[in-house]
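Peer 1: structure for this input, please:
(chains A and B)
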Amino acid sequence: MKVTVHIERRPEIADPEGTTISRSLVDLGYDEVVSVRTGRTLHLEVEGDDADAVKERVDEMCQRLLANPVIEDYRIEVEA
Amino acid sequence: MSRIAVVVFPGSNCELDVQWALRAIGAEAEMVWHRETDLSGFDGVVLPGGFAHGDYLRTGAIARFSPVMSAVTAMAEAGRPVVGICNGFQILCEAHLLPGALIANRDLRFICRPVEVEIVDTATVLTASVEPGAVLTLPLNSYEGQHTDPSGTARVVARYVEDVNGSQDRAAAIANEAGNVVGIMPHPERSSEDVLGSSDGRLLLESLVAATERIPA
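Peer 2: Okay, here's the model as predicted:
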């Protein structure tokens, strides 16, 4: 199964890279840009037939290694 | 004589400096590969700076699961000195042995210069030999050096005199509640002899060695 994990900083945690990109876009004339937040996307190929079970395992992977729950949120998408 | 383990991860690059500096003040300092699982016979442990496991995913994220980390955690729980310098500090946060996390410096600059830090807590294994309020000059050498702690529980041990990287509460070093686990972003080992421009860091390493001697093996 193909699983996509989106990881981003929790809103209250500073994202210096996003802030810099945002400023650069405004400098280029894109005045409508209010803010940019950066993140990371991981594409996993996982063995299994039960989407819920796969999601549960990937959630555990996120909690332990893929994300740092102290500063990051994550979202898991399982492609059937 | 106190015996201190200096853990070497793939990508560590300050282990020789740490070993040199500890030996210069009379401690036994031995390299321990990250795949070791046994730290018995050691009175304390240092996680040195560098880029453990390439800093992939997040700094310290993969190192925290290196086999040696179970023994490091056991040592921390037993009240023995555990010190993380720079990348070692990042690893201790990922391992939840210290609160919070280290993220990119506020101005997205790799900061590589001496900075002044004020020692604000001397009840830790790294600062017990330092006068409270002492200002030390130590080299900072990091990109992910901004400490952030959403829980707000970090015990600040040393504070940057100037806000150099956006760290919450200007924290340059923090400790756990017991004071035996300390993470510090600037490098004491690179300022441990006058020839290096500052020997202020030696005071911190002397504290560490003294702490390892106090604890019965």
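Peer 1: what helix or strand is the nearest residue to A:His43 once chain neighbours are set aside located in?
Peer 2: Sequence neighbours aside, A:Thr4 is the residue nearest to A:His43 in space, at 5.7 Å (criterion: CB to CB, 6 or more residues apart in numbering or on different chains). From N, CA and C alone the C-beta is placed, and that goes for glycine too. Using DSSP states H and E, the element containing A:Thr4 is strand A:2-9.
Peer 1: mind checking how far that strand is from the chain centre?
Peer 2: 4 Å (CA atoms, centre = their mean, to the nearest Å).
Peer 1: so the most far-flung residue of chain A relative to its centre: helix, strand or coil?
Peer 2: Ranked by distance from the centre of chain A (CA atoms, centre = their mean), the top residue is A:Gly29, with 27.5 Å. Assigned with DSSP: H, G, I helix; E, B strand; the rest coil, A:Gly29 falls in the coil class.
Peer 1: hmm, B:Ala178 is touching B:Gly79, no?
Peer 2: Yes - applying CB atoms under 8 Å, one finds B:Ala178 in contact with B:Gly79, separated by 6.2 Å.
Peer 1: between those two, what contacts are shared?
Peer 2: Residues touching both B:Ala178 and B:Gly79 (CB atoms under 8 Å, 6 or more residues apart in numbering or on different chains): none.
Peer 1: check contacts around the residue farthest from the centre of chain A.
Peer 2: By CB under 8 Å, 6+ apart, A:Gly29 has no neighbours at all.
Peer 1: do you know how far it is from A:Val36?
Peer 2: 15 Å (CB to CB, to the nearest Å).
Peer 1: kindly report the same for B:Val8.
Peer 2: 38 Å.
Peer 1: quick one: which of those two has more around it?
Peer 2: B:Val8 (22 against 16; other CB atoms under 10 Å in any protein chain shown).
Peer 1: can you give me the strands in the chain?
Peer 2: Defaulting to chain A. Listed in chain order, the strands of chain A (DSSP state E) span A:2-9, A:39-45, A:72-79.
Peer 1: oops, chain B please
Peer 2: Under DSSP E, chain B gives strands at B:3-8, B:28-33, B:44-47, B:82-85, B:101-103, B:111-119, B:135-142, B:146-148, B:155-160, B:171-175, B:181-184.
Peer 1: could I get those strands as CSV with distance to chain A and mean pLDDT?
Peer 2: CSV is the format used below for those (distance: least, CB to the nearest CB, whole Å; pLDDT from 0 to 100):
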stretch, distance to chain A, mean pLDDT
strand B:3-8, 19, 98
strand B:28-33, 21, 98
strand B:44-47, 17, 98
strand B:82-85, 16, 98
strand B:101-103, 5, 97
strand B:111-119, 13, 98
strand B:135-142, 13, 97
strand B:146-148, 6, 97
strand B:155-160, 16, 98
strand B:171-175, 13, 98
strand B:181-184, 14, 98
